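Chemist: Mind folding the following:
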Amino acid sequence: MELDNLKAFCVAVESGSISKAARKLYISQPSLSVKIQELENYYDATLLHRTNRGIYPTEAGLIVYEHAQKILSLNDSIERSLEQSQQEVQQLVVGTSSTIGNFALPCTVYNFNEKYPHYKVSLIITNTEKVLDNLTTRKVDIGLIEGPITKELKQTLRQEGIKTRHVISNSLILTVPNDESWQHVDKIPLEQITELPLIIREEGSGIRTTLETVLAKNQLELADLNVVMQLNSTNAIISAVASGKGVSFLPKIALRKELHYKICKEVKVEDLMLRHNFTTLYYANDNQSLLQTAFLEFLHSSERGFC
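Modeler: Model (predicted):
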């Protein structure tokens, strides 16, 4: 069986006419008829009904057409993969929200590039909202976001045909300066958070969405809190907290250095559990490159080596 014969048959079915299909394939009508006849001989079945108005598939023809589409698509995928594997360096652009991009992924990208030197991964670090926008406009190949997958976000992802895959869960912790005012404080009641000078991330940030979601479960809103500053960088907030300008709910993964060297400290909040999820976003289809598949598998393996 020739793949060319399958392709010719599919074009004929889609065109509904031998003459139209022959023009699309840049071959003569007799040549096309020969290809279809060879296919019918191979499957020992009549695949097309021929009428004065054109052609249409028989029941057997519909079965062959459906499977031929899959075979041709798989062959295209094989050819693309072989072509990609012959290129010197392949590039993958990953859009990531700030906590993952700044504090977790740099080591992962390094480890991946060490294992696959013919692949190169670059990061575009923004916030969760912008990551999704960059993915839907194909400015990035894969997205990594943080925060809850809300009902609205689920609907958007479903409409766009974007798949999700959980990476890890981290904690948002109440981060305070390690100074005299907090020296003997390890835990506070939930109601006290409304009095704290709070520094928060901007709207569209996964950290902020996680905080808003958990507050809502406790019948609280950001408007109930004493927000003294809004910054669009986790690093900037850490610096502000360390300098005694306020406190903040921040991912623990972003505070390893500050907690280790006692620049900042964690204070528990009674009855408040802030789980902060990291999620991969990607388009799952037949056009997924070998590089994209390799990086996704690496990211979800023990080899990823988050910093």
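Chemist: what about the helix or strand where Val34 lies, distance to the chain center?
Modeler: Val34 is part of helix 29-43, with elements assigned from DSSP states H and E. Counting by CA atoms, centre = their mean, to the nearest Å, helix 29-43 is centred 44 Å from the centre of its parent chain.
Chemist: Name the residues of stretch 137-157 that are buried.
Modeler: With burial defined by 16 or more other CB atoms under 10 Å, the residues of stretch 137-157 counted as buried are 140-148, 153, 157. In short, each C-beta sits where N, CA and C put it, glycine included.
Chemist: brain fart, stretch 168-186
Modeler: 170, 172-178, 182.
Chemist: average pLDDT for it?
Modeler: For stretch 168-186, mean pLDDT rounds to 94.
Chemist: got the contact list for it?
Modeler: If you take CB atoms under 8 Å, 6 or more residues apart in numbering as the criterion, stretch 168-186 is touched by 99, 146, 188, 193, 207, 210-211, 214, 238, 241-244, 247-253, 255, 258, 262-269, 274-278, 306.
Chemist: How many neighbouring residues does Pro57 have?
Modeler: Counted with other CB atoms under 10 Å, residues neighbouring Pro57 total 19.
Chemist: Ignore what I typed, I meant Tyr65.
Modeler: 18.
Chemist: If you count contacts, what does the lengthiest helix in the chain end up packed against?
Modeler: Looking across the chain with DSSP state H, the single longest helix is helix 59-85. On a contact count with 3 or more CB pairs under 8 Å, 6 or more residues apart in numbering; DSSP states H and E, helix 59-85 meets helix 3-15, helix 29-43, helix 290-299.
Chemist: Could I get the buried residue list for that helix?
Modeler: Under the neighbour-count criterion of 16+ other CB under 10 Å, helix 59-85 has 61, 64-65, 68, 77 buried.
Chemist: next structured bit after that helix?
Modeler: Reading on from helix 59-85 to the C-terminus, the next helix or strand found by DSSP H and E is strand 90-97.
Chemist: can you give me how far that next one is from the chain middle?
Modeler: Distance of strand 90-97 from the chain centroid (CA atoms, centre = their mean) equals 10 Å.
Chemist: Please renumber the chain so that the first residue is 36 from this point on.
Modeler: With 36 as the first residue, the last one maps to strand 125-132.
Chemist: Now do it against helix 325-334, angle only.
Modeler: Here strand 125-132 points in a direction 50 degrees away from that of helix 325-334 (axes from the mean of the first three to the mean of the last three CA atoms, to 10 degrees).
Chemist: Need the contact partners of the helix or strand just after strand 125-132.
Modeler: Downstream of strand 125-132, the next assigned helix or strand under DSSP H and E is helix 133-134. With contact meaning CB under 8 Å, 6+ apart, helix 133-134 is reached by 160-162, 181, 205, 240-242, 268-270, 286, 288-289.
Chemist: Following the chain past helix 133-134, name the next helix or strand.
Modeler: Counting by DSSP H and E, what follows helix 133-134 is helix 140-150.
Chemist: Need the CA coordinates for whichever helix or strand comes after that next one. CSV is fine.
Modeler: Sequence-wise, the next helix or strand downstream of helix 140-150 (DSSP H and E) is strand 154-161. C-alpha atoms of strand 154-161 as CSV (Å, rounded to 0.1, in the frame of the first residue of the first chain):
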residue,chain,number,x,y,z
TYR,A,154,17.9,21.7,22.8
LYS,A,155,17.8,25.2,24.2
VAL,A,156,15.1,26.5,26.6
SER,A,157,14.5,30.2,27.3
LEU,A,158,12.2,31.7,29.8
ILE,A,159,9.8,34.7,29.6
ILE,A,160,8.9,35.6,33.1
THR,A,161,5.7,37.6,33.7
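Chemist: Going by neighbour count, which residues in strand 154-161 are buried?
Modeler: Here strand 154-161 shows 154, 156, 158, 160-161 as buried, counting by 16+ other CB under 10 Å.
Chemist: tell me the two of the residues you listed that are most distant?
Modeler: Farthest pair in the buried residues of strand 154-161 (CB to CB) is Tyr154 and Thr161. Separation: 22.7 Å.
Chemist: quick revisit: angle of the longest helix of the chain against helix 325-334?
Modeler: Helix 94-120 runs at 80 degrees relative to helix 325-334, counting by the same axes, to 10 degrees.
Chemist: how far out from the middle of the chain is helix 94-120?
Modeler: 26 Å.
Chemist: hang on, the earlier thing: now the helices and strands packed on helix 94-120 in TSV, with mean neighbour count and distance to Glu118?
Modeler: What follows is the helices and strands packed on helix 94-120, written out as TSV (neighbours: other CB atoms under 10 Å; distance: least, CB to CB, whole Å):
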stretch	mean neighbour count	distance to Glu118
helix 38-50	19	17
helix 64-78	16	26
helix 325-334	18	10
